[in-house]
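> I would like to see how this sequence folds:
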Amino acid sequence: MTGDPCGPCGRCCRDFVVPLSGLDLWRLVRSQRLAPEDFTVSFPAKEPSAQSFILEPAGPHLLLGLDKRGAFAVGRPCVFLLELDGLSRCGVHADRPVVCRAYPMALTAGAIRRSPDAACPSGAFEGPAAFADWGPVLAEHSLAWEIHGRAAARWNARVHAAGARLPLSLFLALLVDLHDQLALRLGPGWALPPAGTTPGGLDARVARAAAAAEVVLRDRFPGLPETAPGAADAGTPTRSGANGPAR
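Below is the predicted model of the structure:
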């Protein structure tokens, strides 16, 4: 398929709940000058993951997501979706979340290919994809969720140490502050690798950013356990789990 397969479709902007990483939150807050509550919801995770967080010691585990227009439910349009002359357009395209940037591609068996459960029209994004085109985007995706997982782990330790419920606004403020500090330490374009970066270079960038994040998090939460995030398994759109936001 040639041309623009996304404009006439837009299914991914309606049929999925888009998980939001701390990097996504920071970009939208700083670039779009929006308050987090204008576009962010928290919703129950199907099960605890490396990126889920809690607001009280007994749980439940939550994920951040982009809000929907109207009721927060699968099938409702994304809060940022624009529909013009029969075409679907992202109202924050330059600052869209990392899962939206990477969609519908995934790294499978060493090759970058369209995800098997993609909602895209037949013929769109099919066949092997060049690393030069999608590698940096997928690397940014991995980096964003690695950093988010470290922040969530520190936050969860803080909630357990407090022994009481903490407000969602504090977690959102932590994520924005963390990414402010990473931009100061690593430069404003720290998350997106430049074109031509090799796989080894991508690994080095992730390690550098993770080390910087740990320094910031230790400073913000002194005395709490070191983080040990698991695999970045929350960073894909999902059709389930949207049974009501927990703001």
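
> The worst-scoring helix or strand of the chain on mean pLDDT: what's the following helix or strand?
Across the helices and strands of the chain, the lowest-confidence element by mean pLDDT, DSSP states H and E is strand 105-108, at a mean of 74. Per DSSP states H and E, the first helix or strand lying C-terminal to strand 105-108 is strand 111-114.

> strand partners of the least confident helix or strand of the chain, parallel vs antiparallel please.
Partners of strand 105-108 in the sheet, by DSSP bridges, are strand 111-114 (antiparallel).

> For the strand it pairs with, buried residues please.
112-114 (16 or more other Cβ atoms under 10 Å). Heads up, the C-betas are built off the backbone N, CA and C, glycines and all.

> distance between the helix or strand just after that strand and the chain's centre?
Downstream of strand 111-114, the next assigned helix or strand under DSSP H and E is helix 131-162. Put simply, helix 131-162 sits 8 Å off its chain's centre (Cα atoms, centre = their mean, to the nearest Å).

> one step back: just the buried residues of strand 111-114 now: which is nearest Glu37?
Lowest distance from Glu37 to the buried residues of strand 111-114 (Cβ to Cβ) belongs to Arg114, with 34.5 Å.

> Keeping just the C-alphas, turn the least confident helix or strand of the chain into CSV.
What follows is strand 105-108 as a C-alpha-only set of coordinates in CSV (Å, rounded to 0.1, in the frame of the first residue of the first chain):
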residue,chain,number,x,y,z
MET,A,105,6.3,-2.2,14.1
ALA,A,106,8.0,-4.5,16.5
LEU,A,107,11.4,-6.2,16.7
THR,A,108,10.8,-9.9,16.2
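
> what's it in contact with?
Where contact means Cβ atoms under 8 Å, 6 or more residues apart in numbering, the residues beyond strand 105-108 that reach it are 112-115, 125, 129, 134, 137-138.

> all helices of the chain, in order?
According to DSSP state H, the chain carries its helices in the segments 22-31, 98-102, 131-162, 168-186, 199-220.

> Next, the buried residues of the last one.
Buried positions in helix 199-220, judged by neighbour count with 16+ other Cβ under 10 Å: 202, 205-206, 209-210, 212-213, 216-217, 220.

> Next one: the closest residue in space to Ser31 that isn't next to it in sequence from Arg101, what distance?
In space, not counting the residues next to it along the chain, Ser31 is nearest to Asp95; the distance is 4.8 Å by Cβ to Cβ, 6 or more residues apart in numbering. Going from Asp95 to Arg101 by Cβ to Cβ, to the nearest Å gives 10 Å.

> Repeat that for Val92.
Val92 is 12 Å from Arg101, by Cβ to Cβ.

> what stretches of this protein score poorly on pLDDT?
By pLDDT under 70, the low-scoring segments of the chain are 1-4, 7, 108-110, 121, 124, 126-132, 195-200, 225-247.

> can we see that at 50?
By pLDDT under 50, the weakly predicted segments of the chain are 1, 228-232, 240-247.

> how far out from the middle of the chain is stretch 107-117?
19 Å.

> what sits against the residue sitting furthest away from the middle of the chain?
Taking Cα atoms, centre = their mean, the residue of the chain most remote from its mean C-alpha position is Asp85, at 29.3 Å. Taking Cβ under 8 Å, 6+ apart, we find Asp85 in contact with no residue.

> To Leu81, which of the helices of the chain lies closest?
helix 98-102 (10.9 Å).

> Residues in contact with the closest one: which ones?
By Cβ under 8 Å, 6+ apart, the surrounding residues in contact with helix 98-102 are 12, 18-19, 21, 23-24, 90, 134, 137-138, 140-141, 144-145, 235-237.

> Buried subset of those residues as a PyMOL selection?
Of the contacts of helix 98-102, the buried ones can be selected in PyMOL as follows, counting by 16+ other Cβ under 10 Å:
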select buried, resi 12+18+19+21+23+24+90+134+137+138+140+141+144+145+235+236+237
